[in-house]
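Novice: generate a structure from the sequence data that follows.
(2 chains)
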Amino acid sequence: MIVGQQKPLEEIWDMIKDHSRVLVFGCNTCVAVCQQGGNKEAEIIASLLRMKATQEGLDIEIKDGGIERQCEHEFFESATKSLEWADAVVSTACGIGVQFLAEKYESLPVYPGLNTTFLGAVEKFGVYTERCQACGQCVLGLTGGICPIARCAKRLMNGPCGGSTRGKCEINKDLDCAWQLIIDRLKAMDKMDNYEKIIPVKDWSSDRAGGPRKFVREDIQV
Amino acid sequence: MSVKTPSKLEKILASGQLAVTSECGPPRGSDPEDITRKAELIKNHVDAINITDNQTSVTRMCSLAACIRLKLMGLEPVLQMVTRDRNRIAIQSDILGAASFDINNMLCLSGDHQSFGDCKLGQNVHDLDSIQLIQTVRMMRDEAKFLGGDDIKCPPKMFVGAAANPFADPFEIRVPRLAKKIAAGVEFIQTQCIYNLDKFEKWMEGVRERGLHEKVHILAGLTPMKSAGMARYMKNRVPGMDVPEELVKRLAGVPKEKQAQEGIDICIESIQRLKSVDGVHGFHVMAIEWEEKVPEIVERAGLYPRPTIDK
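Specialist: Residues are numbered from 1 along each chain as shown, chains lettered A, B, ... in the order given. All right, here's what the predicted structure looks like:
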């Protein structure tokens, strides 16, 4: 899922302080899991902003709302009224939701309430870690189910580098060395022969490098 | 291993003599004398001089320009190239540029992470990794092809090197990793600084068991310690470094003003011991900001005079 982290309240405040009707708009799927951008969090941010407005003596009306997903058209219908009321929106969706909303309301300022952080997993309650960078050509079949692109700081396709120490990465003693994990998995699966297969120069054209990506399913379009 | 390039380093290694290389770190400024002065100190005592490529991710004069400075002095550079800062266009382009100045040695590295350096907020590239860089240079040289498949007119004649760190973890893949670099086409190896000689010899045993010592020239890497403080720092702070406690104790056991000399002595003793290790074909003496000590180390280790090679 997509993990996001709330921006500091001051930063959100700076974006909205010149508006008079602000809607803090939650997205109740991915970023609700990490409890940063769901409809409940949107409610809390709205009340913090109201307190801030009172402190600053500014007359800003601040409401909250939200939908299930800001990245799909069909969910927006229920929120049309409140979106049309607002003269600015703080979207607490990931960057996708923020942009999708902005595209729908051409003249409405839409501000990000979160920093979209990564595609990750819930390692345990309150701990989220990156797993995928959506490179567009999955290599997990070669690397024991552990991604060297998302999880090695140098995205080495043929690691580990010389900085791997006691299973940890050279940049941070708390960070697992992805290649140590890969090797441990290959061993557990009795597939260490795979380690010596050189992964060839990667085709990054399906990655960000190839420009914005698009996937079209003509067979299911209506 | 027949000679494939005009590299002097390759010829010396092919002749079966022990090679000696050293390194110079380029300056954090544009004064060429910073590099030529260092080279002057060591030029008679080494066969080739590595020029580091923004080592520890600290921005410096580029390796290629500093290598050209060495060429202008009639010396033999080893162009170090990391995959951190260049995509495949820049890599191939720099290789051609180097070859146009008759630079015939390259060391293919991934490079330290940028978080160690002065541009912590920057991107890293890693379009290729070090093993893929080895493959790329060999393809450019041997097949006269760019990565994109086009022909290269006048391919670069590079003798291709890489690093190996026998001390990084996990130890069990350190020999397989060398095998992987050999399969990619590496021809010489300069190792990480060796302080734990027992562990290095154990690694070399594994290298010989697989016959890898006959497929690649291994130059043992050595860096003299300047003080017990430096030894402690290397032991505790530098990732992938293995400094045994007894070495720290030995340095700490002599008065401060004599620790530097003790460090030089340890370095020379290490070379003496490693000379007899089957498969070690030379030494890479990295006297960091201490180039003036290289002649003493080389001479006292019995590696002087250096062989002359007919061009």
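
Novice: and the strands in chain B, which stretches?
Specialist: B:19-24, B:48-51, B:77-82, B:105-109, B:159-164, B:188-193, B:217-222, B:280-285 (DSSP state E).

Novice: dump the fifth one to PDB, keeping only the CA atoms.
Specialist: Same thing as strand B:159-164. Provided in PDB are the C-alpha atoms of strand B:159-164 (Å, rounded to 0.1, in the frame of the first residue of the first chain):
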ATOM      1  CA  PHE B 159      42.700  -3.200 -18.700                       C
ATOM      2  CA  VAL B 160      39.700  -3.800 -16.500                       C
ATOM      3  CA  GLY B 161      39.900  -3.900 -12.700                       C
ATOM      4  CA  ALA B 162      37.500  -4.000  -9.800                       C
ATOM      5  CA  ALA B 163      37.600  -4.000  -6.000                       C
ATOM      6  CA  ALA B 164      37.100  -6.900  -3.700                       C
END
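
Novice: residues in contact with it?
Specialist: Applying Cβ atoms under 8 Å, 6 or more residues apart in numbering or on different chains, the external contacts of strand B:159-164 come out as A:162, B:4-5, B:7, B:9-10, B:78, B:104-109, B:130-131, B:134, B:137-138, B:141, B:174, B:177-178, B:181, B:185-192, B:218. C-beta: built from backbone N, CA, C; applies to glycine.

Novice: which neighbouring elements make contact with the longest helix seen in chain A?
Specialist: Looking across chain A with DSSP state H, the single longest helix is helix A:39-56. Applying 3 or more Cβ pairs under 8 Å, 6 or more residues apart in numbering or on different chains; DSSP states H and E, we find helix A:39-56 packed against helix A:9-16, strand A:21-27, helix A:30-33, strand A:61-67, strand A:88-91.

Novice: could you check the angle that helix makes with helix A:9-16?
Specialist: Helix A:39-56 and helix A:9-16 are oriented at 80 degrees to each other (axes from the mean of the first three to the mean of the last three Cα atoms, to 10 degrees).

Novice: how about helix A:39-56 as PDB, C-alpha atoms only?
Specialist: Extracted in PDB, the C-alpha atoms of helix A:39-56 (Å, rounded to 0.1, in the frame of the first residue of the first chain):
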ATOM      1  CA  ASN A  39     -11.100  10.600   7.200                       C
ATOM      2  CA  LYS A  40     -10.500  10.400  10.900                       C
ATOM      3  CA  GLU A  41      -7.100  12.100  10.600                       C
ATOM      4  CA  ALA A  42      -8.600  14.700   8.300                       C
ATOM      5  CA  GLU A  43     -11.100  15.500  11.100                       C
ATOM      6  CA  ILE A  44      -8.200  15.900  13.600                       C
ATOM      7  CA  ILE A  45      -6.200  18.100  11.200                       C
ATOM      8  CA  ALA A  46      -9.200  20.300  10.600                       C
ATOM      9  CA  SER A  47      -9.800  20.800  14.300                       C
ATOM     10  CA  LEU A  48      -6.100  21.700  14.800                       C
ATOM     11  CA  LEU A  49      -6.300  24.200  12.000                       C
ATOM     12  CA  ARG A  50      -9.400  25.700  13.600                       C
ATOM     13  CA  MET A  51      -7.500  26.200  16.800                       C
ATOM     14  CA  LYS A  52      -4.600  27.700  14.900                       C
ATOM     15  CA  ALA A  53      -7.000  30.100  13.100                       C
ATOM     16  CA  THR A  54      -8.500  31.200  16.500                       C
ATOM     17  CA  GLN A  55      -5.000  31.700  17.900                       C
ATOM     18  CA  GLU A  56      -4.000  33.800  14.900                       C
END
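
Novice: buried residues, that helix. List them.
Specialist: A:39, A:41, A:42, A:43, A:44, A:45, A:46, A:49, A:50, A:52, A:53 (16 or more other Cβ atoms under 10 Å in any protein chain shown).

Novice: any chance of those residues in CSV with pLDDT as columns?
Specialist: Output for those, formatted as CSV (pLDDT from 0 to 100):
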residue, pLDDT
A:39, 98
A:41, 98
A:42, 98
A:43, 98
A:44, 98
A:45, 98
A:46, 98
A:49, 98
A:50, 98
A:52, 98
A:53, 98
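
Novice: pick the one among those closest to chain B.
Specialist: Using Cβ to the nearest Cβ, residue A:45 comes nearest to chain B of those, at 27.6 Å.

Novice: from what I can see that closest one touches residue A:92, true?
Specialist: Yes: contact criterion Cβ atoms under 8 Å: residue A:45 and residue A:92 qualify, at 6.7 Å.

Novice: any common contacting residues for those two?
Specialist: Taking Cβ under 8 Å, 6+ apart as the contact rule, residue A:45 and residue A:92 both touch A:6, A:24, A:113.

Novice: which of these lies closest to chain B?
Specialist: Distances from chain B to those, taken as Cβ to the nearest Cβ, are shortest for residue A:6 (21.7 Å).

Novice: number of nearby residues for the closest one?
Specialist: The tally of other residues near residue A:6 (other Cβ atoms under 10 Å in any protein chain shown) stands at 19.

Novice: now it: closest residue in space, sequence neighbours ignored.
Specialist: Closest residue to residue A:6 apart from its sequence neighbours, by Cβ to Cβ, 6 or more residues apart in numbering or on different chains: residue A:36 at 5.1 Å.

Novice: so for that neighbour, what's the pLDDT?
Specialist: pLDDT, residue A:36: 98.

Novice: so what's the backbone phi/psi at it?
Specialist: Backbone geometry at residue A:36, expressed as degrees, to the nearest 10, gives phi -120, psi -30.

Novice: list the contacts for it?
Specialist: Neighbouring residues of residue A:36 by Cβ under 8 Å, 6+ apart: A:3, A:4, A:5, A:6, A:92, A:114.

Novice: what's the farthest-apart pair in these?
Specialist: Greatest spacing in the contacts of residue A:36, by Cβ to Cβ: A:3 and A:92 (13.0 Å).

Novice: how far away is residue B:141 from residue A:207?
Specialist: For residue B:141, the distance to residue A:207 (Cβ to Cβ, to the nearest Å) stands at 28 Å.

Novice: burial measure for residue 186, as a count.
Specialist: Using chain A here. Neighbour number of residue A:186 under other Cβ under 10 Å is 20.

Novice: try again with chain B
Specialist: 27.

Novice: not counting sequence-adjacent ones, nearest residue to it?
Specialist: In space, residue B:186 is closest to residue B:162, 4.5 Å off (Cβ to Cβ, 6+ apart).

Novice: quickly list what the one you found is bridged to.
Specialist: Beta-bridge pairing for residue B:162 (DSSP bridges): residue B:108, residue B:189.

Novice: follow-up on the earlier one: using JSON lines, lay out the shared contacts of residue A:45 and residue A:92 together with pLDDT.
Specialist: JSON lines is the format used below for the shared contacts of residue A:45 and residue A:92 (pLDDT from 0 to 100):
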{"residue": "A:6", "pLDDT": "98"}
{"residue": "A:24", "pLDDT": "98"}
{"residue": "A:113", "pLDDT": "98"}
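
Novice: so which of those residues is the closest to residue B:114?
Specialist: Closest to residue B:114, out of all of these and judged by Cβ to Cβ, is residue A:6, at 27.3 Å.

Novice: wait, that closest one touches residue A:44, no?
Specialist: No: contact criterion Cβ under 8 Å: residue A:6 and residue A:44 do not qualify, at 9.4 Å.

Novice: still on that earlier bit, ok, which of the helices and strands packed on helix A:39-56 comes nearest residue B:28?
Specialist: Closest among the helices and strands packed on helix A:39-56, using Cβ to Cβ: helix A:9-16, at 35.1 Å.
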